[in-house]
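Participant: Pasting the sequence and the predicted coordinates here, then a few questions.
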Amino acid sequence: MRTSFGPLLGLALALSATPAFAQEAESKAITVSGSATLVSDYRFRGISQTDKDFAVQAGLTVSHESGLYASVWGSSVDDYIAAGSDQELDLIIGYKKTLGAATVDVGALYYYYPGAEKLIPGYNSDFLELYGNVSAPVGPVTAKAAVMYAPKSAALSLGGGKLDNLYGNFSLSGSIPDTGIGFSAGIGRTFTKSFLSGGKKYTDWSLGMTYTTGPVTLGVTYVDTSYAKNAVVSLTGKDIAKAGVFGSIGVAF
């Protein structure tokens, strides 16, 4: 077009188009996504964080085309999780890269429990966890292997000194084409004893199914652990590591 209508008109068109091109390039370089979810029980590695009650959760992620991303995710929790705090905030920074058919994801996650130190002066409930995982398609499903390590921290103590926590997980997930139905299965192992693990080494596993229509996803999940009956009991006397089924409804934006 610039050649047909002359250099001056071509220059004018180029200058007028530059902001639009810049905005388009910027919008492709950075992606913002989020979600809000209501769950009937918030289970973390098989153990209920809400005394087997409902939780409200929300998250926001900013991703760059380079693979760098930053996220914030929050959930309501029960007061036995962090000295009376009723909120969990996860602050995450990571890097994701596709290598052939596999996707590698590494990063750091900081668990923050607002207000815990105010309820019990000097109490430290917050801790850092490093993570890495590799996922790849295996036939009709996607397999994922993950490792999470929390360095020694007073927040993970069982009563004195500092403890660390090592966790590994393997999962399979997939979907039925053109139905909106997804499914997943996973098994995890906590290899160290700390406050995060309930004081013992244990195994957790889960089976889940989802149905997505538009931005809304409905889910149901069965979860269990290798803990004996009443081995992990909340302040209200509930067995929070016992097998259970919980539902969820979430919206993505």
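Facilitator: Yep, that arrived.

Participant: ok, and the closest non-adjacent residue to the residue nearest the centre of the chain?
Facilitator: Closest to where the C-alpha atoms of the chain average out (CA atoms, centre = their mean) is residue 73, at 7.4 Å. Spatially, and ignoring its direct neighbours in sequence, residue 73 is nearest to residue 59 (3.8 Å; CB to CB, 6 or more residues apart in numbering). Every residue, glycine included, has its C-beta placed from N, CA and C.

Participant: Might one say that the one you found is in contact with residue 69?
Facilitator: No - here residue 59 lies out of contact with residue 69, judged by CB atoms under 8 Å, at a distance of 11.8 Å.

Participant: my read is the residue nearest to residue 73 is in a helix, agree?
Facilitator: No - assessed with DSSP: H, G, I helix; E, B strand; the rest coil, residue 59 is strand; it does not lie in a helix.

Participant: wait, residue 81 sits on residue 88?
Facilitator: Yes - counting by CB under 8 Å, residue 81 touches residue 88, with 7.0 Å between them.

Participant: what do the two both touch?
Facilitator: 49, 113 (CB atoms under 8 Å, 6 or more residues apart in numbering).

Participant: thinking again about what came up before, quick check: bridge partners of the residue nearest to the centre of the chain?
Facilitator: Residue 73 has these beta-bridge partners by DSSP bridges: residue 59, residue 90.

Participant: residues contacting it?
Facilitator: Contact partners of residue 73, counting by CB under 8 Å, 6+ apart, are 57-60, 89-90, 92.

Participant: among those residues, which ones are buried?
Facilitator: Among these, those classed as buried by 16 or more other CB atoms under 10 Å are 57, 59, 92.

Participant: Test for you: state the pLDDT assigned to the first one.
Facilitator: Pointing back at residue 57 there. pLDDT, residue 57: 98.

Participant: and it, what does it touch?
Facilitator: Applying CB under 8 Å, 6+ apart, we find residue 57 in contact with 36-39, 42, 73-76, 250.

Participant: Likewise for the second one?
Facilitator: Listed by CB under 8 Å, 6+ apart, the contact partners of residue 59 are 34-35, 71-74.

Participant: Quick one: the helices in this protein, in order.
Facilitator: 2-5, 7-29, 116-119 (DSSP state H).

Participant: Give me the below-cutoff pLDDT ranges for the stretch 101-250 of the chain.
Facilitator: 119-121 (pLDDT under 70).
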